[in-house]
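Visitor: sequence plus predicted model, see below.
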Number of protein chains: 2
Amino acid sequence: METIKKQASPKISFSTCTTREVLKLIGDQWTALVIYALESGTKRFSQLCSQIDGISRKMLTQTLRDLEYNGLVQRVVYPVIPPHVEYSLTPLGRTLIEPIGVLRQWAQEHLNEVEQARTEQEQTQRISVQEQVASIVQQR
Amino acid sequence: METIKKQASPKISFSTCTTREVLKLIGDQWTALVIYALESGTKRFSQLCSQIDGISRKMLTQTLRDLEYNGLVQRVVYPVIPPHVEYSLTPLGRTLIEPIGVLRQWAQEHLNEVEQARTEQEQTQRISVQEQVASIVQQR
DNA sequence: CGGAATCCTTTTGGATACTG
DNA sequence: CAGTATCCAAAAGGATTCCG
């Protein structure tokens, strides 16, 4: 075994890494789905709630609040009884459609490979470090 | 206010939505960062641990296990004392570099706008539904 | 209708100690 | 060195109730 060639490791400061930030924005369970649901246009709260399978009103509210706070979604309250509230993507929010689309695209192309890898992994046994070390100790 | 034109809502089955799946894969706090760190080549456990700022050994282990299980990362144990373990992206894992790059790209272009929206939002007061309803009730 | 508030369970993740 | 195991605190998230 050759020692790894120390390619002057990038020393990337992960604390300021933008990847981290964008994942904080859309990396949770629901946010990307809400954006996805809003791609096709303005929706009401209840529409979103029924269209995004499995989301609770609480989580939908919370997710929409975050999106609004980050300037990705616009919320309009119509002062009528019963209340009528509409949500839509802001121009900034719409710029996220493409990146999320790329993710979905990747998923459509490669998710089956992931699935396949999983089932293969379940057959083969993992080698723990301890086992490896133990085996060479035994060989002496 | 016009009622929203019911554009025959897509009825997208979010339960089978691939966006959901891919976010389960890389949507957590650390996974995308580990992939990012492995883009530049094979790394040892301790290298990753020091390069990814703030990650604990526990989370790194867990994240790597998941990546391995999903066929995105390969783990090689060299039977020596002290143990030597190397991690690298599989071909499947490398296909994720581009989508994650698109996200990072988006972040670099738009994160300042998000930041700006946030500070603006902090100035203006949110209108709750209750307040709206209360105000029209009062007007009568 | 679109929430807010409360309670409560589950999950997540850090700190620490131990191990071959 | 590269983990595993255990404990514990914090956070996430569901269910339910209440509200204008």
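Guide: Arrived safely.

Visitor: quick one: terminal-to-terminal distance for stretch A:23-33?
Guide: One end of stretch A:23-33 sits 14 Å from the other (C-alpha to C-alpha, to the nearest Å).

Visitor: wait, I meant stretch A:83-93
Guide: Terminal-residue distance, stretch A:83-93 (C-alpha to C-alpha): 25 Å.

Visitor: state the mean pLDDT of it.
Guide: For stretch A:83-93, mean pLDDT rounds to 97.

Visitor: what do you get for stretch A:51-64?
Guide: Model confidence over stretch A:51-64, given as mean pLDDT, is 95.

Visitor: can that stretch be found next to chain B?
Guide: Yes. Using C-beta under 8 Å from any C-beta of the partner chain as the criterion, contacts between stretch A:51-64 and chain B involve A:51-54. Just so you know, the C-beta spots here come from the backbone N, C-alpha and C atoms, and that holds for glycine as well.

Visitor: list the buried residues of the helix or strand containing A:Gly101.
Guide: Secondary structure from DSSP states H and E places A:Gly101 in helix A:97-123. For helix A:97-123, the neighbour count (16 or more other C-beta atoms under 10 Å in any protein chain shown) marks A:99-100, A:102-104, A:106-107, A:110, A:113-114, A:117 as buried.

Visitor: how distant is that helix from the center of its chain?
Guide: 13 Å (C-alpha atoms, centre = their mean, to the nearest Å).

Visitor: circling back to that earlier point, got the residues of stretch A:51-64 next to chain B as a markdown table, with neighbour count, distance to B:Arg20 and secondary structure columns?
Guide: Output for these, formatted as a markdown table (neighbours: other C-beta atoms under 10 Å in any protein chain shown; distance: C-beta to C-beta, whole Å; DSSP: H, G, I helix; E, B strand; the rest coil):
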| residue | neighbour count | distance to B:Arg20 | secondary structure |
| --- | --- | --- | --- |
| A:Gln51 | 21 | 13 | helix |
| A:Ile52 | 22 | 10 | coil |
| A:Asp53 | 14 | 9 | coil |
| A:Gly54 | 11 | 9 | coil |
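
Visitor: which one among these gets closest to A:Leu60?
Guide: Using C-beta to C-beta, A:Ile52 is the member of the residues of stretch A:51-64 next to chain B that sits closest to A:Leu60, with 7.1 Å.

Visitor: which residues touch that closest one?
Guide: A:30, A:33-34, A:37, A:60, B:14 (C-beta atoms under 8 Å, 6 or more residues apart in numbering or on different chains).

Visitor: out of the residues you listed, name the ones that lie in helices.
Guide: The members of those that map onto helices under DSSP state H are A:33-34, A:37, A:60.

Visitor: out of the residues you listed, which end up buried?
Guide: A:33-34, A:37, A:60.
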